[in-house]
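Peer 1: Mind looking at a prediction? Sequence and model below.
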Amino acid sequence: MQCLTRSGWIGNGLSLIAGALITLTLAPFDLWPLTFISCIVLYLSLSELSPRQAAWRAWYFGFGLFASGTSWVYVSIHDYGAASAPLALFLTLLFVAGLALLLALFGWLWARFLRQSDHSLSNALAFAALWVAIEAFRGWFLTGFPWLYIGYSQLHGPLAGLAPLGGVWLISFVLALSSALLVTLWKHTQWPSRLGAGLLLIVIWGLGLALQSYQWTQPSGAPLSVTAIQGNIEQNLKWDPAQIEAQLLLYQSLTLNAAPSDLVIWPETAVPVLKEQAQGYLNSMDRLMQQRDSALITGLPLRQLDSYDQLRYYNAITTLGDSQGEYLKQKLVPFGEYVPLQDLLRGVIAFFDLPMSDFARGPSQQAPLNAKGYKIAPYICYEVVYPEFAAELAAQSDILLTISNDTWFGTSIGPMQHLQMAQMRALEAGRWMIRATNNGVSALIDPHGVINATVPQFQQAVLRGSVVPMQGLTPYLRWQSWPLILLCALCLPPALLQRKRQAQGV
C-alpha cells in the first residue's frame with residue numbers, strides 16, 4: 001500500500017496498469033468489474049501526493065488508458081495514412097501523451113483543492129464530480145475526444161438503467177463515486193460515515209437495477225422494414241477514380257437484389273463523388289426508390305456556398321425516394337476530415353494529405369431527416385460518440401441513424417468501441433438506432449441498447465430487419481446533463497470547505 005500512495009516508479013507503474021484496465025471494461029472485452037479496481041487504485045494513489053506528484057501519477061494512469069484503448073490510432077496513421085512505422089508510432093505516442101495531460105490536470109486539481117485526508121463521504125462525492133468534469137472537458141476541448149468514458153462499461157451492466165436518466169456521464173459519476181465509497185467503507189474510522197457510504201451504495205445501485213426494465217418511450221407507429229448495405233470497399237480503393245463506377249454499381253446491385261423495404265441505408269460516402277457529379281445516378285436511384293415506395297438515405301460529399309458565399313465541401317447525407325432532407329456533418333475528425341494548421345502541415349507527410357481531408361463544418365441546428373413520414377436523427381461516423389450533441393437531435397426524432405466508414409480502424413478494437421457508443425446513444429434516447437457502415441459493424445439496435453440484428457464484419461453483406469418509431473422523451477433527452485451538472489456543483493463546495501478546515505487544523 002505504501003508504494004502505491006508514495007511517489008516513485010512502482011506507484012507510477014501501478015497507476016499505468018490501472019489505467020490500461022479501463023480498456024478491458026469496454027467493448028469488446030466488457031469486464032466491467034475491473035472499473036472498481038482501476039478507480040480505487042487511482043483514488044488511493046493520489047491520497048498522499050503533492051499536487052505536482054499527483055499530476056504525474058494521474059498522467060501515467062491516462063497514458064495507460066489511452067495507449068491501450070486507442071491503439072487503433074497507429075493503424076489509421078500507418079496502414080491508411082502512409083506513414084512509416086517509426087513515424088506512426090511516434091505520432092501515436094504523442095497523441096496518447098497529450099490526452100494523458102487531461103488526467104494530469106485531474107490529479108493536480110484533486111490534490112491541490114479537493115482531496116481530504118479522511119476518505120469521507122464529501123471526499124468521495126468530490127472525486128466523482130471532478131472525474132465527470134474532466135470526462136466532459138475532454139469531450140469538448142480542441143473539438144473533443146469523447147472516447148473511453150467509464151460509463152460505457154455499464155451498457156449491459158447493473159447500472160444501465162441510469163443511462164436514460166442522466167446519460168453515460170451519470171453512469172461515470174456513479175462508478176467513480178462507488179469506487180471511492182468502497183474505500184470509505186474500508187478506510188474511514190467513523191461508523192456514521194461508513195454507514196452513510198454503505199447506504200448510498202445500496203441506493204444508487206438499487207436505482208440502476210430498478211430502472212432497467214422501465215419504459216421511458218412508446219411506439220409511435222408500425223415497424224418499418226430496413227435494408228442496410230455493407231459494401232466492404234477497401235479504403236485504398238474508395239477514392240480511386242478507376243473504381244468509382246464499380247462502387248456505384250455495387251450499391252445499386254445489392255439494393256435492387258434485396259427485397260423491397262421501407263428504409264434503405266447506405267454508409268458514409270457510399271457515393272464517393274460530389275453530389276453534383278453523381279446527379280444522374282442519384283436521379284436513377286430516386287426513380288427506383290419511388291417505384292418501390294422506399295426511402296433511400298446515403299452518405300456522399302457535396303459542395304455548396306456557405307453563409308459568406310464561399311464554396312465549401314461537406315461530408316453529407318442526402319435522401320432519395322419517399323424521403324426528404326439533407327444533412328451536413330458538424331463534428332469533423334481532425335486530420336481525417338480537416339487538417340488543423342493546414343497551411344503549415346499540408347505536404348509535410350502523406351498523412352496530412354489524405355483524400356477528402358478538407359471538409360467544412362456543417363451549420364448547427366439542422367433539422368432531422370424525414371423518411372416514410374417519420375423524423376430520423378442523422379449522425380455521420382464520429383458524431384455519434386458525442387452524448388450531448390446526439391441528444392439534441394434525438395429529442396426531435398422518432399428513429400436514430402448513424403452511417404460510418406470504420407475501415408480506418410482496420411481489425412483493431414476501434415469498431416467495437418464505436419458500436420458500443422452507438423448502442424449507448426440508443427439506450428439514452430429510448431429509440432431504435434440504425435447503424436450502416438462500409439465494413440462493419442452494421443447493426444439494428446433496440447431502445448435498450450441491445451443489438452437486434454447484425455451482419456459479419458469485413459464482409460460484403462445486406463442487413464435486413466425492422467425498427468419501430470418511438471415517441472416520448474427520456475429524462476436525459478429532456479434535460480440532458482443539467483441535473484448532473486447541478487449535482488456535481490453541489491458536491492464540490494463541501495469538499496473545498498472541509499479541505500480548508502483540515503489545512504487550518506480545525
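Peer 2: On my side now, so go ahead.
Peer 1: got a pLDDT number for residue 4?
Peer 2: Note on residue 4: pLDDT of 75.
Peer 1: Do I have it right that it meets residue 46?
Peer 2: No - the pair residue 4 and residue 46 does not pass the contact test of CB atoms under 8 Å, sitting 9.9 Å apart. All C-beta spots, glycine's among them, are computed from the backbone N, C-alpha and C.
Peer 1: of these two, who's got more company?
Peer 2: Between residue 4 and residue 46, residue 46 has the larger neighbour count (other CB atoms under 10 Å), namely 26 against 19.
Peer 1: contacting residues for the more buried one?
Peer 2: Counting by CB atoms under 8 Å, 6 or more residues apart in numbering, residue 46 touches 54, 57-58, 107, 110-111, 115.
Peer 1: Pull out the buried members of those.
Peer 2: 54, 57-58, 107, 110-111, 115 (16 or more other CB atoms under 10 Å).
Peer 1: distance of the residue nearest the centre of the chain from residue 360?
Peer 2: Nearest to the geometric centre of the chain sits residue 385, at 2.5 Å (CA atoms, centre = their mean). Applying CB to CB, to the nearest Å, the value for residue 385 to residue 360 is 20 Å.
Peer 1: Distance of the closest residue to residue 139 other than its chain neighbours relative to residue 114?
Peer 2: Leaving out its chain neighbours, the residue that sits closest to residue 139 by CB to CB, 6 or more residues apart in numbering is residue 146, at 3.5 Å. For residue 146, the distance to residue 114 equals 24 Å [CB to CB].
Peer 1: so how many other residues sit close to residue 367?
Peer 2: Neighbours around residue 367, by other CB under 10 Å: 13.
Peer 1: Just give the number of residues close to the residue lying closest to it once chain neighbours are set aside.
Peer 2: Leaving out its chain neighbours, the residue that sits closest to residue 367 by CB to CB, 6+ apart is residue 325, at 6.7 Å. Here the number of neighbours of residue 325 (other CB under 10 Å) works out to 17.
Peer 1: Can you pull the phi and psi angles for residue 325?
Peer 2: In terms of degrees, to the nearest 10, the main-chain angles of residue 325 are phi 120, psi 160.
Peer 1: wait, doesn't the residue nearest to the centre of the chain sit right on residue 420?
Peer 2: No - judged on CB under 8 Å, residue 385 makes no contact with residue 420 at a distance of 9.7 Å.
Peer 1: Overlap in contacts, these two.
Peer 2: Contacts common to residue 385 and residue 420, judged by CB under 8 Å, 6+ apart, are absent.
Peer 1: which one is residue 165 nearest to, not counting chain neighbours?
Peer 2: According to CB to CB, 6+ apart, the nearest residue to residue 165 is residue 475 (5.1 Å).
Peer 1: Tell me the predicted confidence for the one you found.
Peer 2: 98.
Peer 1: That one: what's it in contact with?
Peer 2: 164-166, 216, 483.
Peer 1: From these, pick the one nearest residue 225.
Peer 2: The closest of the contacts of residue 475 to residue 225 turns out to be residue 216 (CB to CB; 25.0 Å).
Peer 1: before we move on, the earlier item: residues in contact with the residue nearest to residue 367?
Peer 2: By CB under 8 Å, 6+ apart, the residues touching residue 325 are 319, 367-370.
Peer 1: Just the ones of the residues you listed in helices?
Peer 2: Using DSSP state H, the subset of these located in helices is empty.
Peer 1: This protein - how does it break down into domains?
Peer 2: 2-215+481-504, 218-473 (automatic domain parsing).
Peer 1: quick one: buried residues of stretch 325-336?
Peer 2: Here stretch 325-336 shows 325-333, 335-336 as buried, counting by 16+ other CB under 10 Å.
Peer 1: Sounds good, over and out.
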